[in-house]
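below is the sequence, then the predicted model.
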Amino acid sequence: MNDTQKFDVIIVGGAMVGSALACALADSGLKIALLEKHQPTPYAQEQAMDLRVSAISIASQQLLEQAGAWPTIMTMRSAPYRYLETWEGNHSNLIFDSQEMGRKHLGHIIENRLIQLAFWQQLSTLDNVEIIVGDSVTNMQSVMDGYQMRVGERELHCKLLVGADGANSSVREMANIGITAWDYAQHAMLININTTAAQQNKTWQQFHASGPRAFLPLSGHKASLVWYDSPKRIKQLANMSKEQLKQQIIECFPDRIGEFDVEASGSFPLTRRHAQQYFKPNLCLVGDAAHTINPLAGQGVNLGFKDVAVLSQTIKQAIEEGQCWWHIDTLAKYQQQRRPDNLLMQGAMDLFYLTFSNNNVGLRLIRNSALKLAEKTNWGKNKVMKYAMGL
Ligand SMILES: Cc1cc2nc3c(=O)[nH]c(=O)nc-3n(C[C@H](O)[C@H](O)[C@H](O)COP(=O)(O)OP(=O)(O)OC[C@H]3O[C@@H](n4cnc5c(N)ncnc54)[C@H](O)[C@@H]3O)c2cc1C
């Protein structure tokens, strides 16, 4: 007896990008399974803020709105920001204001888990999507008409397998898709603080040769600090008590934070990866499984959501036109649109990283002049803002 369960699409990885894809594809009527290792902790108002937060662009907000997930996020926690300020020396502040673009906000800072929960809530209302949590995926293999795998006690089959399983994607590895990768010479420390100041509507980043130091407002009297520095320095900071870390922040961050206490902190290595191809027959990659970038401009998941928008539209268009939606030509169209864009953003972030991560006097002068010039020319500023908003 053959008790293999058939799906059209199996998505491995149900965090922000995988669950966004399941939502975006759901109205096509395809039968979808979303596999996720970990059950996300449900939301409760009194919970401490998660360390992992993302700056969500206007374009990503639109994707969340279309998926029906945005109202759920709004009932939980988020911090809209109107301004983005960046500077290096004392007189080179570059300020972006969303109102110059006729918008109320540049974006929102939202906890990653809450974005995932909002998608999952939407998915729980759909008959054609099954979320399978906790069971390990084994024996993933290409078969004649798709992919087959064992998930816990079940045997599953799909026409299209999607790897949304993050930077160390096992789908990518199983499919033998190579990557170009390197480690940045900086790690990042995320620090959640309680502030006496009320909720801010500005996010800012100060560049230093050792790495940027950034402030992201969170909901209420809270904020997330991001401290980029050498792996050695970040390790040293990670071993400090909250009080010692607070003293270091007072010494090293601008004093505009005001009074604060450290609530929690954690550190992360920074790696750049890019899959050499985003698809193979019956298989494709999205989000961090396909690309990771330096997070200094907060673009990682926003790129992942753009992957989702393009892949879901390409598949739905193929269905409408009566074509084979999982055919390699459909997947090639997705890669054609997304890979160059992701590569461009990776390159731009690397240029920032390399230009600002050194103390060369000449380069510093050029950097500061460039920032001052950018502040004075609205055309350049508006272009950057449009790109940051994903518009
Ligand atoms: C310090 C830092 C700050 C950042 N800040 C921002 C920001 O401000 N804005 C922004 O846009 N991006 C930011 N990013 C990037 C962003 O966090 C990532 O791009 C995003 O989390 C990627 O989402 P994803 O769903 O593709 O992958 P992941 O979040 O890595 O999720 C992968 C999921 O797959 C699951 N999984 C893995 N293997 C399996 C398996 N075999 N079976 C089942 N499930 C599996 C995992 O449990 C996980 O839930 C930041 C990154 C870092 C490191």
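Happy to help now that I have it.

point out the residues in this protein that sit beside the ligand.
12-13, 15-18, 35-38, 54-55, 112, 137, 164-167, 170, 188, 190, 268, 287-288, 295, 298-302, 304 (Cβ under 6 Å from any ligand atom). Yep, even glycine has a C-beta here, placed from its N, CA and C like the rest.

excluding its backbone neighbours, what's nearest residue 307?
residue 286 (4.3 Å; Cβ to Cβ, 6 or more residues apart in numbering).

how about the host helix or strand of residue 313: buried residues?
For residue 313, the host element (DSSP states H and E) is helix 300-320. Of the residues in helix 300-320, 300-312, 314-316, 318-319 count as buried by neighbour count, 16 or more other Cβ atoms under 10 Å.

show the contacting residues for the residue most central in space within the chain.
Note on the chain: the residue nearest the mean C-alpha position is residue 301, at 1.9 Å, using Cα atoms, centre = their mean. Applying Cβ atoms under 8 Å, 6 or more residues apart in numbering, one finds that residue 301 lies in contact with 16, 17, 54, 56, 60, 112, 115, 287.

give me the subset of those lying in helices.
16, 17, 60, 112, 115 (DSSP state H).

just the closest of the residues you listed to residue 180, please.
Distance to residue 180 across the ones in helices among the contacts of residue 301 (Cβ to Cβ) is lowest for residue 17, with 20.2 Å.

what about that closest one, neighbour count?
29 (other Cβ atoms under 10 Å).

same question for residue 298.
21.

can I assume it is in contact with residue 55?
Yes - using Cβ atoms under 8 Å, residue 298 is in contact with residue 55, at 3.5 Å.

thinking again about what came up before, state the mean pLDDT of the helix holding residue 313.
Throughout helix 300-320, pLDDT has a mean value of 97.

likewise stretch 258-270?
96.

any idea how far residue 320 lies from residue 338?
For residue 320, the distance to residue 338 equals 20 Å [Cβ to Cβ, to the nearest Å].

number of residues surrounding the closest residue in space to residue 303 that isn't next to it in sequence?
Distances taken as Cβ to Cβ, 6+ apart place residue 342 nearest to residue 303, at 5.5 Å, with adjacent residues excluded. The local packing of residue 342 (other Cβ under 10 Å) involves 22 other residues.

how about residue 122?
Other residues within reach of residue 122, judged by other Cβ under 10 Å, total 21.

quickly find the element holding it.
helix 112-123.

give the other helices and strands that that helix contacts.
Other helices and strands packing on helix 112-123, by 3 or more Cβ pairs under 8 Å, 6 or more residues apart in numbering; DSSP states H and E, are helix 16-26, strand 53-57, helix 70-75, strand 129-133.

out of these, nearest to residue 275?
helix 16-26 (13.7 Å).

just the CA atoms of the following helix or strand past that closest one, as PDB, please.
Per DSSP H and E, the first helix or strand lying C-terminal to helix 16-26 is strand 32-36. Written as PDB, here are the backbone C-alpha positions of strand 32-36 (Å, rounded to 0.1, in the frame of the first residue of the first chain):
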ATOM      1  CA  ILE A  32       1.100  23.300   0.500                       C
ATOM      2  CA  ALA A  33       3.000  21.800   3.500                       C
ATOM      3  CA  LEU A  34       5.200  24.100   5.600                       C
ATOM      4  CA  LEU A  35       7.800  22.300   7.700                       C
ATOM      5  CA  GLU A  36       9.300  24.000  10.700                       C
END
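
contacts for strand 32-36, please.
Counting by Cβ under 8 Å, 6+ apart, 7-15, 18-19, 22, 25-26, 123, 128-135, 137, 151, 156, 158 sit against strand 32-36.

quick one, what contacts residue 153?
Contacts of residue 153 (Cβ under 8 Å, 6+ apart): residue 135.
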